[in-house]
Structures are given as structure tokens and as C-alpha cells.
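# below are the sequence and a predicted model for it; my questions follow.
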Amino acid sequence: MSTTTLEKTPAGPASAPPPPHRTRRRGERGPLGSVLLHGGLAVASLVALAPVVWLFFLSLGPDKDDYLHPGKIFGKLTFSNYSFVLQHTAFFDWLKSTMIVALGTTLIGVFVAATTGYAVSRMRFPGYKQLMWVLLLTQAFPIAILIVPMYEIFGRFGLIDTYWALIIINCTTAVPYSAWLLKGYFDTIPFEIDEAGRIDGLSPFGTFVRLILPLARPGLAVAAFYNFITAVGEVAFATTFMLDDSKYTFAVGLQSFVSEHDAQWNYMAATAVLIAIPVSVFFYLVQKNLVTGLTAGGTKG
């Protein structure tokens, strides 16, 4: 009986297994999606910055007609427009008036909007739903038809040519939107916090001030910023109700550079850039809470 010997052939070098195919998770962007997203954000940033850069560039031209030939500004860049605005106009009076009106509108408007939004969010009283819709309805009336009756009312109370007139008017514009915004934000705060405050002996207002407002800081920041820029940019009522030149706000002061037959665009551009400084400072102070407040305020109606 013969035996057969089987010889084992030496195995070749072990080949590495193919890398496993990575499955993209749901919602995860691919390389192309990331490129398109960042490219779109870059374009949007350029579109947003272009008017600001253009305005600053025009403010460096020494002549009022330089905007017609912007290419010639490169050869004569100067900050003389800023010097003129700061030294030979009532810029600092405009700044004082604007800050008084804007900060007054912000403080009073946010307080009224916060108490209104909290009451509608937490309390059930007759007409609480209709109240919010009435606030929204007030925004449907054009400014032009409100100026005459408001002027008559303020005249009877001696409020013409006072800061209170503009603060009240600006609040009527800013409070309805702010109340809706804060009502939505208060809806996201658990009701158990209110109950815990009452168990600790706090009144409803004490619970609102000591417990709810600190939690609602992002929403309050958004409302404050909206109230502030509303007051800074308001023109129609400020032009009508403010008669004293020293009480003009920035929006009204800009009109002093425009006459019936002429417009000093270089000074207007320089003033506009200077106006943006206090607004930017206020934005910087509240910006860390703006995104959170905007997103959370829209989660519930």
C-alpha cells in the first residue's frame, strides 16, 4: 500500500482586507455639501458687507460728488469728513438724544413686552388670546395716518418736543413684536419653575422677576436689540414731534445734509458710519444671546 505525501505550497503574503465602506449618518454633510455650504455663506457675507464697505469708502472722499466717480477717491483718501461732522455739526447732541430715546424705548418696551408675554403664556384670563391678536393688529396701520392723531394727543398732554413722545411712539411699534417673541420664549420654560417659586412663598411677580427673567435672558436680549434699533432708525415721528435742533436724533440729523437743491453725500456717509458705532457696541453686548433667543422664541406659538 503506497502512501501519498501532500506537499503544502507556501502561502503568499497576506493581502489586507478591503476597508469597510463607511455609511454616512443621516444629516451628515458630504465634502460637496460642505463646499457648497461654506461657499454660500461666504457669498452671503460679501453681500451683507458690501454696502457697509461701500459706505465707508464713500465717506473717505472729500467732495460731495465723489460718489459719481468713486474711482477717483483712491487718489485723495481723507478723514476730513469725520472731522467736519464731529466738530462743525450737532453730532454729539444727536448722539445724546438718540441714546436717551433708544435706551428709554429699550427699557420700557422690554419690560412691557416681558410682562405681557409672561401673562399670556402663564395666565388664562378672559380675552388673553384676543389681546395678542389686537397687539398684532396695531402693526397694520400705516405711520402716515397715525401722525396727525398722535400729534393732537401729545399736544394736549404737552409732550411735543419731548423725549417721552418718541419713547412712547417707539414702544407702540416695538412692544407688539417683542411681546409675541417673549411669549413664545416663555412657553419653552417649564411651568414647574413657577410652581416651585410659589411653594417657596414668592408672589407671581416675584416668581417672574427672580426665577423666570434670568432664564429668559436670551429672549430678552433679542427683544432689547429689536427695540434699540427700532428707536435708532425711526424717522417719521422724530421729524414731526421734535422741534428743537438740539433734540434731533441721528435719523433726523442726517436730513440736515440734504436741501432742496443739494445733498452733501460725503458728510452723510461719514455720519452714517459714526451712527453704526453705538449700534455695533450694543449688538456686541447682546450678541452671545441673540441666536439662542431667536431660535427658542419661535418653537412655540
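Everything's here; your move.
# okay, helices next: where are they in the stretch 51-200 of the chain?
80-88, 91-122, 128-137, 143-156, 163-186, 191-199 (DSSP state H, counting those that start in this stretch).
# relative to residue 230, how far out is residue 100?
For residue 100, the distance to residue 230 equals 15 Å [CB to CB, to the nearest Å]. Where you see a C-beta, it was placed from the backbone N, CA and C, and this is true even at glycine.
# quick one, which of these two is more surrounded?
residue 230 (20 against 17; other CB atoms under 10 Å).
# low-confidence ranges, the stretch 51-200 of the chain, go.
Low-confidence segments of the stretch 51-200 of the chain (pLDDT under 70): none present.
# over to the stretch 201-301 of the chain?
In the stretch 201-301 of the chain, residues with pLDDT under 70: 290-301.
# which residues in it form helices?
204-207, 213-215, 217-233, 236-241, 250-253, 265-297.
# so which of those helices is nearest residue 94?
Among the helices of the stretch 201-301 of the chain, helix 250-253 comes nearest to residue 94, with 4.0 Å by CB to CB.
# which strands and helices lie in contact with the closest one?
helix 91-122, helix 217-233, helix 236-241, helix 265-297 (3 or more CB pairs under 8 Å, 6 or more residues apart in numbering; DSSP states H and E).
# hey, C-alpha coordinates of the shortest one in PDB?
Extracted in PDB, the C-alpha atoms of helix 236-241 (Å, rounded to 0.1, in the frame of the first residue of the first chain):
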ATOM      1  CA  ALA A 236     -41.200 109.900  10.600                       C
ATOM      2  CA  PHE A 237     -42.300 110.600  14.200                       C
ATOM      3  CA  ALA A 238     -38.900 112.000  15.200                       C
ATOM      4  CA  THR A 239     -39.100 114.500  12.400                       C
ATOM      5  CA  THR A 240     -42.600 115.600  13.300                       C
ATOM      6  CA  PHE A 241     -42.500 115.700  17.100                       C
END
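# how about that helix: buried residues?
237-238, 240-241 (16 or more other CB atoms under 10 Å).
# now do that helix: everything it contacts.
101, 143-144, 147, 150-151, 154, 159-161, 165-166, 169-170, 248-249, 251-252, 255 (CB atoms under 8 Å, 6 or more residues apart in numbering).
# counting neighbours, which of those end up buried?
For the contacts of helix 236-241, buried by 16+ other CB under 10 Å: 101, 147, 150-151, 154, 159, 165-166, 169-170, 248-249, 251-252.
# nearest to residue 67 among these?
Looking across the buried ones among the contacts of helix 236-241 and measuring by CB to CB, the closest to residue 67 is residue 251, at 20.5 Å.
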